[in-house]
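Engineer: Provided below for reference: sequence and predicted model.
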Amino acid sequence: MNDVKLALLGSPGAGKSAVLVRFLTRRFIGEYASNANSLYHKRLSVDGRQLNLEVFDPCSQGSGARRVLEEPMDWADGFLVVYNISDRASFSNAKTLLRQIREARVEHCKGEVEVPVCLVGNKQDLCHARQVPADEGRCLAQENRCLFQEVSAAESYQDISILFTQLIRQVLEQLKQR
Ligand code: GDP
Ligand code: MG
């Protein structure tokens, strides 16, 4: 059985925990404890293949993201970089994170391995307060050769399920090549 390890990155409040909990439980609860790093486990099957999924959800305060980026190009097989479409600052932070992932990737893997990444524009339901056009997200993802999906953890399971599945597929492809 394959182990697939993903890490969530993004500004505090972007909705990392909400996106993850929606994927794992199909539910939106509303408030998520943010004072501790959490590691979630789930068994699932993708394309008929059984796997153990582990997802690292860093605490919102402080520098969880930095730590994830420092050790764990070794740890994580793939990353979800989450921003809030109604918060431009979170998009700028996502840009920085994508760059840091690319740099860490070059440092740790000498550029040989492309770590699968999905850029996630969350809170699509807040489109009346949108600060980041979907096209901008799409362009940033293209520049970084990563997946892109806008989602609403509050309103929909479907898109989140699709993006996790796509990312896991890419990770499984990579694990096969190692
Ligand atoms: P994190 O710090 O990135 O883990 O963010 P959280 O998952 O804790 O979410 C931060 C806040 O945004 C919480 O109040 C959530 O209820 C809210 N939130 C998360 N996702 C959505 C969404 O898709 N739409 C809306 N309207 N609110 C959301
Ligand atoms: Mg959180």
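Structural biologist: Great, that's in hand. Ligands and ions are numbered 1, 2, ... in the order given.
Engineer: contacts, neighbours, all on C-alpha from now
Structural biologist: Fine.
Engineer: Packing partners of the longest helix along the chain?
Structural biologist: In terms of residue count, the longest helix belonging to the chain (DSSP state H) is helix 88-109. If you count contacts as 3 or more Cα pairs under 8 Å, 6 or more residues apart in numbering; DSSP states H and E, helix 88-109 packs onto strand 2-10, helix 64-70, strand 78-84.
Engineer: relative to strand 78-84, how tilted is the longest one?
Structural biologist: In this structure, strand 2-10 runs at an angle of 30 degrees to strand 78-84, with axes from the mean of the first three to the mean of the last three Cα atoms, to 10 degrees as the basis.
Engineer: So which residues on this protein come close to ligand 2?
Structural biologist: 17, 34 (Cα under 5 Å from the ion).
Engineer: For the chain, name the helix or strand with the lowest mean pLDDT.
Structural biologist: Within the chain, no helix or strand scores below helix 64-70, which has a mean of 55 by mean pLDDT, DSSP states H and E.
Engineer: since we're on the residue lying closest to N144 once chain neighbours are set aside, how many residues are nearby?
Structural biologist: The spatial neighbour of N144 that comes closest, neighbours along the chain excluded (Cα to Cα, 6 or more residues apart in numbering), is L98 at 7.2 Å. A count of neighbours around L98, defined by other Cα atoms under 10 Å, yields 24.
Engineer: Could you report the pLDDT at L98?
Structural biologist: L98 is assigned 94 on the pLDDT scale.
Engineer: In this structure it contacts Q142, no?
Structural biologist: No: with contact defined as Cα atoms under 8 Å, L98 does not reach Q142; the gap is 11.5 Å.
Engineer: any idea how far the residue at the greatest distance from the centre of the chain is from ligand 1?
Structural biologist: Relative to the centre of the chain, and counting by Cα atoms, centre = their mean, the farthest-placed residue is H128 at 24.1 Å. Counting by Cα to the nearest ligand atom, to the nearest Å, the separation of H128 from ligand 1 is 11 Å.
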